[in-house]
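**Student:** Okay, predicted coordinates and the sequence, questions at the end:
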Amino acid sequence: MKIARLADLADPAACPLLVVKVGSSLLVDRQGVRRNWLEGLVAEIAEARTRGQAVIVVSSGAIALGAAKLGLAKGGRGSLADAQAAAAVGQIALSGLWADLLGAHGLTAAQLLLTLEDLEDRRRYLNATATLTRLLDAGAVPVINENDSVATQEIRFGDNDRLAARVAQAARASAVLLLSDVDGLFDRNPVEPGAKLLPEVRGVTAEVHAMASGGSSSGMGSGGMTSKLQAAEIAERAGIALAIASGLHDAPIARATAKGIGTLFLARRKDGGRKAWLGGRLRLKGALVVDAGAAKALSQGSSLLAAGITAVEGDFHRGDAVAVRGLDGATVAHGLAEYDARDCALLIGRKSADHAAILGYAPRSAVVHRDQLVLL
C-alpha cells in the first residue's frame with residue numbers, strides 16, 4: 001500500500017514505520033525548552049504506537065540547549081569549537097528530556113548519535129540498520145541526532161533533514177515527516193503576496209528547487225528549505241514518502257494528517273537496498289565526466305565504459321563512490337569505480353580492446369558496472 005496523501009502517514013497499513021524530525025526552533029526558543037509543546041508531540045507519538053505504528057525521532061536541539069547552559073553566543077554556532085562543546089553539554093539534557101517524556105507514556109527511548117561516515121560507509125550503514133531494527137523489534141523509540149560533539153565540517157550532515165532521510169533508508173521506513181517552522185513548500189517565498197502552499201510534489205525537479213530559499217528562518221537551526229528538498233530527493237529514490245509540515249502548532253502530526261496541511265513528496269521509485277544507499281550518498285570521492293552518448297547509454301541500463309569518459313576528477317580508489325556527470329555539469333548517476341582515478345585517467349576515451357596494453361594487466365568489464373550504478 002503506497003502513501004498517496006498526508007492522511008496516510010497516520011495509517012498503520014500504509015505507514016508502519018514513520019520517522020519524525022523535530023527542528024531546533026520547535027524544541028527550544030529564547031526562553032528554553034518548549035516543554036508543553038513537546039509533551040503534546042510525545043502524546044501524539046504514543047498515540048501512533050497505540051494504533052500500531054513504529055516511530056523513530058530525529059531530534060535537533062542539543063547545540064541550542066548546550067549553548068544556553070554554557071552562555072555561548074550565536075546559539076552555540078559561532079565556531080566549530082563552540083558547537084562541539086555546546087552539543088556535548090546539550091545532548092545529555094536532550095536525551096534525558098526525551099527519555100522522561102516518552103517514559104511517562106510507558107515508552108522506552110533509545111539514543112543514537114550518528115555522523116555522516118556512519119551512514120556513508122556501507123559496513124557502518126548496515127550496522128546502523130541492524131541496531132535500529134533490533135530496537136524497533138524490542139518496542140523502543142529510537143531518538144537520533146547528529147553527533148555534533150565530534151563531527152567536523154568535513155564529516156557532518158550539517159542538518160537533520162538529510163539525516164532523517166538517510167535514517168529512514170537505513171530503517172526501511174515508510175515515510176518521513178519533517179516538522180519545521182513553515183507549513184510546507186510554497187511556489188515562491190511565503191512572505192510574498194499570493195504565495196501558494198503546494199500540497200503534493202511528484203519528483204524534485206530544477207523548478208521545484210528554484211522555489212526554495214536556503215537558511216533557517218529561526219536562526220536556531222542549520223537547515224532550510226533547500227536541505228528539505230535534498231532530503232526529499234534521498235527519500236523519493238528509496239521509495240519513501242516525505243512530508244514537510246509546521247510544528248508551530250499544538251498536535252502538529254494531527255494537524256498535518258487530519259487537516260492535510262503540509263507538502264507531501266511522493267516516492268518516485270524503490271531502489272534496492274544497496275542502490276538506495278548509493279543514490280543517497282552525500283559525499284563522493286570524485287567524478288567521471290561523460291559525453292552525451294555515454295549518458296544516453298547509462299539511461300538505457302548500460303555500464304559506463306572508458307570510451308565515453310571525457311574527464312576524471314578527484315583522487316579516488318577502486319570501490320569508492322563517484323559521481324557521473326554530463327558535459328553540462330549535471331550529475332546523472334552515482335557509482336562505485338572499478339579503477340583508481342589514476343588508471344581511469346589513462347583510459348579516458350579509449351576503447352576496451354586497448355585497456356590491457358595501457359594498464360599492463362587484465363582490464364575489468366567497465367569503469368563503473370551497471371550493477372554498481374544508480375541513476376539520479
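**Tutor:** Sure thing, it's come through. Numbering: from 1, shown residues only.
**Student:** contacts for the helix or strand bottoming out on mean pLDDT in the chain?
**Tutor:** When the helices and strands of the chain are scored by mean pLDDT, DSSP states H and E, helix 273-279 comes last with a mean of 82. Residues from elsewhere that reach helix 273-279 (C-beta atoms under 8 Å, 6 or more residues apart in numbering): 122, 125, 169, 234, 237-239, 270-271, 321, 334-336, 372-374, 376. To be clear about C-beta, it is placed using only N, CA and C from the backbone, and glycine gets the same treatment.
**Student:** could you redo the last one with a cut-off of 7 Å?
**Tutor:** Contact with helix 273-279 is made by 122, 125, 169, 237-238, 271, 321, 334, 374, 376, as judged by C-beta atoms under 7 Å, 6 or more residues apart in numbering.
**Student:** out of those residues, which are buried?
**Tutor:** By neighbour count, with 16 or more other C-beta atoms under 10 Å, the contacts of helix 273-279 hold 125, 169, 237-238, 271, 321, 334, 374 as buried.
**Student:** Tell me the secondary structure at the closest residue to L359 other than its chain neighbours.
**Tutor:** Distances taken as C-beta to C-beta, 6 or more residues apart in numbering place D343 nearest to L359, at 6.0 Å, with adjacent residues excluded. Judged by DSSP: H, G, I helix; E, B strand; the rest coil, the three-state class of D343 is helix.
**Student:** Verify the stated contact: A195 with D183.
**Tutor:** No - A195 lies out of contact with D183 (C-beta atoms under 7 Å); the separation is 10.4 Å.
**Student:** In terms of neighbours, single out the busier of the two.
**Tutor:** D183 (18 against 12; other C-beta atoms under 10 Å).
**Student:** What residues of the longest helix seen in the chain count as buried?
**Tutor:** Counting residues, the longest helix in the chain under DSSP state H turns out to be helix 80-103. Within helix 80-103, the residues scored as buried using 16+ other C-beta under 10 Å are 82-91, 93-95, 97-99, 101-102.
**Student:** Summarise which helices and strands it is packed against.
**Tutor:** helix 35-50, strand 54-59, helix 62-70, strand 109-114, strand 141-146 (3 or more C-beta pairs under 7 Å, 6 or more residues apart in numbering; DSSP states H and E).
**Student:** could you give the angle of that helix to helix 62-70?
**Tutor:** Helix 80-103 and helix 62-70 are oriented at 100 degrees to each other (axes from the mean of the first three to the mean of the last three C-alpha atoms, to 10 degrees).
**Student:** who's in contact with helix 80-103?
**Tutor:** So helix 80-103 is contacted by 33, 38-39, 42, 57, 59, 61-67, 69-70, 72, 76-77, 109, 111, 141, 143, 145, 148-149, 152-153 (C-beta under 7 Å, 6+ apart).
**Student:** Output it as CSV, nothing but the C-alphas.
**Tutor:** Provided in CSV are the C-alpha atoms of helix 80-103 (Å, rounded to 0.1, in the frame of the first residue of the first chain):
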residue,chain,number,x,y,z
LEU,A,80,33.0,24.7,15.3
ALA,A,81,34.6,24.5,18.8
ASP,A,82,31.5,26.3,20.3
ALA,A,83,29.2,24.0,18.5
GLN,A,84,31.0,20.8,19.6
ALA,A,85,31.2,22.0,23.2
ALA,A,86,27.5,23.0,23.2
ALA,A,87,26.5,19.7,21.7
ALA,A,88,28.4,17.7,24.4
VAL,A,89,26.5,19.5,27.1
GLY,A,90,23.2,19.8,25.4
GLN,A,91,23.0,16.1,24.3
ILE,A,92,22.7,15.0,27.9
ALA,A,93,19.8,17.3,28.5
LEU,A,94,18.1,16.4,25.2
SER,A,95,18.3,12.7,25.7
GLY,A,96,17.1,13.0,29.3
LEU,A,97,14.2,15.1,28.2
TRP,A,98,13.0,12.6,25.5
ALA,A,99,13.5,9.7,27.9
ASP,A,100,11.4,11.3,30.6
LEU,A,101,8.6,12.4,28.3
LEU,A,102,8.4,9.0,26.5
GLY,A,103,8.7,7.2,29.8
